[in-house]
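Participant: sequence and predicted structure below; questions after.
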Amino acid sequence: EDPSEERLKGYRRFAVLWLAAGAQGPSEAEGALADGWLLALEGLQDNDARIQMAARELIRSLRPCDAPRALDPLLLMLLASSSSTRELLDPPRAAHALRLLGSLASSGGGELLLRSSVSPRALSADARWINA
């Protein structure tokens with residue numbers, strides 16, 4: 001089968017899994033799904049228009065209760081310190097997170113971002129970052 005078709009199926013399967021996990025409420029699986037969520041957001045910038053469309057469909061299907069799950073991986077990426085330089089901010093990682101955040105906002109997630117609140121998980125990461 002065509003590799004791009006397999007990728008498209010993978011995006012669609014992940015979308016179903018991510019939305020179903022959100023419907024179940026908070027769980028330990030959220031951490032595992034965070035990496036997949038970041039990959040799904042990267043699909044917004046993919047060269048394949050079908051992948052871009054699948055990523056946009058996922059974003060448009062988000063509900064207000066999904067906002068913390070959608071934003072936390074990006075916020076945690078922005079707040080993560082650099083492990084290689086011991087600096088408080090890792091500029092390449094922060095730039096990547098900001099690009100993904102911009103893609104999310106411009107692809108139908110802007111209203112979700114405006115109505116969301118920061119989760120306790122992201123707030124605690126912020127506190128650790130400030131005290132580092």
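Facilitator: Now that the structure is in, tell me what you want to look at. Numbers count the residues shown, from 1 in each chain.
Participant: give the contact list for the residue lying closest to Arg56 once chain neighbours are set aside.
Facilitator: By the measure of C-beta to C-beta, 6 or more residues apart in numbering, the closest residue to Arg56 outside its immediate chain neighbours is Ser107, 5.1 Å from it. No exception for glycine: its C-beta is placed from N, CA and C like everyone else's. By C-beta atoms under 8 Å, 6 or more residues apart in numbering, the contact list for Ser107 reads 44, 55-56, 59.
Participant: for the chain, just list every one of the helices.
Facilitator: Here the chain has its helices, by DSSP state H, at 3-23, 29-42, 49-60, 67-79, 91-104, 110-115, 120-131.
Participant: between the fifth one and helix 49-60, how many degrees?
Facilitator: An angle of 80 degrees separates the directions of helix 91-104 and helix 49-60 when computed by axes from the mean of the first three to the mean of the last three C-alpha atoms, to 10 degrees.
Participant: okay, now the unreliable bits of this structure?
Facilitator: 1, 25-30, 80-89, 112-132 (pLDDT under 70).
Participant: just send the contacts of Ser107 back as JSON lines, with distance to Leu74 and neighbour count too.
Facilitator: JSON lines is the format used below for the contacts of Ser107 (distance: C-beta to C-beta, whole Å; neighbours: other C-beta atoms under 10 Å):
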{"residue": "Leu44", "distance to Leu74": "13", "neighbour count": "23"}
{"residue": "Ala55", "distance to Leu74": "14", "neighbour count": "25"}
{"residue": "Arg56", "distance to Leu74": "17", "neighbour count": "17"}
{"residue": "Ile59", "distance to Leu74": "13", "neighbour count": "23"}
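Participant: ok, the residues you listed vs Arg7, which is closest?
Facilitator: Closest approach to Arg7 among the contacts of Ser107 (C-beta to C-beta): Ala55, at 11.2 Å.
Participant: hmm, Leu38 and the closest one touching each other?
Facilitator: No - at 11.3 Å, Ala55 does not count as touching Leu38 under the criterion of C-beta atoms under 8 Å.
Participant: I'm done for today, thanks for sticking with me.
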